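>>> Task: produce atomic coordinates for the following.
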Amino acid sequence: MRYTLFDNQRDVIILLARILLMILFVMSGWSKLTGFEGTVGYLASLGAPAPTVAAAVAVIMEFFVAIILILGFYTRPLAFLFALFVIGTALIGHPFWTMVEPAKAANTVQFFKNMSIVGGLLLLSVTGAGRFSLDGR
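This is a model prediction of the structure:
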């Protein structure tokens, strides 16, 4: 077995990864929760199906599930579910393929930022939450 510099810090790094992956969503989810009607209106303007339901799902995922993932509870299934959610938000919120410049360039970056987050979430769904988590207790 190969020893690497990071082996003895694995659980700390996984904790840091959970926090860094989710902090953006916690902040965004809080904003959606406290400005719920505005969130519904925005999702309606994007053509999201059932914008009130979509807003509620966004709040639940981005605020509550993100906090649960930071705490490391049911990490593997919730990280996978969150990855699916992020793919959905990328498809609805950043359809760069339907846009012209300059919106196309900005939304291309946002779309692939979401795909990068999906990669981190998929990795988290495989690695689990590590020792510093509710799952690790």
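
>>> contacts, neighbours, all on C-alpha from now
Noted.

>>> For stretch 34-44, buried residues please.
Using 16 or more other Cα atoms under 10 Å as the test for burial, stretch 34-44 gives 36, 39-40, 43-44.

>>> now stretch 71-81
Buried residues in stretch 71-81, counted by 16+ other Cα under 10 Å: 71-76, 78-81.

>>> ok, back up a step: for V118, state which of the buried residues of stretch 34-44 is nearest.
Nearest to V118 among those is L43, at 21.1 Å by Cα to Cα.

>>> On the pLDDT front, check that closest one for me.
Note on L43: pLDDT of 91.

>>> quick one: it and V57 touch, right?
No - between L43 and V57 there is no contact under Cα atoms under 8 Å: 11.5 Å.

>>> got the contact list for the closest residue to L84 other than its chain neighbours?
Distances taken as Cα to Cα, 6 or more residues apart in numbering put V118 closest to L84, at 7.8 Å, once the chain neighbours are dropped. Listed by Cα atoms under 8 Å, 6 or more residues apart in numbering, the contact partners of V118 are 83-84, 86-87.

>>> what's the neighbour count on A66?
For A66, the neighbour count with other Cα atoms under 10 Å is 26.

>>> Tell me which helix or strand comes right after the helix or strand that contains it.
Per DSSP states H and E: A66 is located in helix 66-71. With elements assigned by DSSP H and E, the helix or strand that comes after helix 66-71 is helix 75-93.
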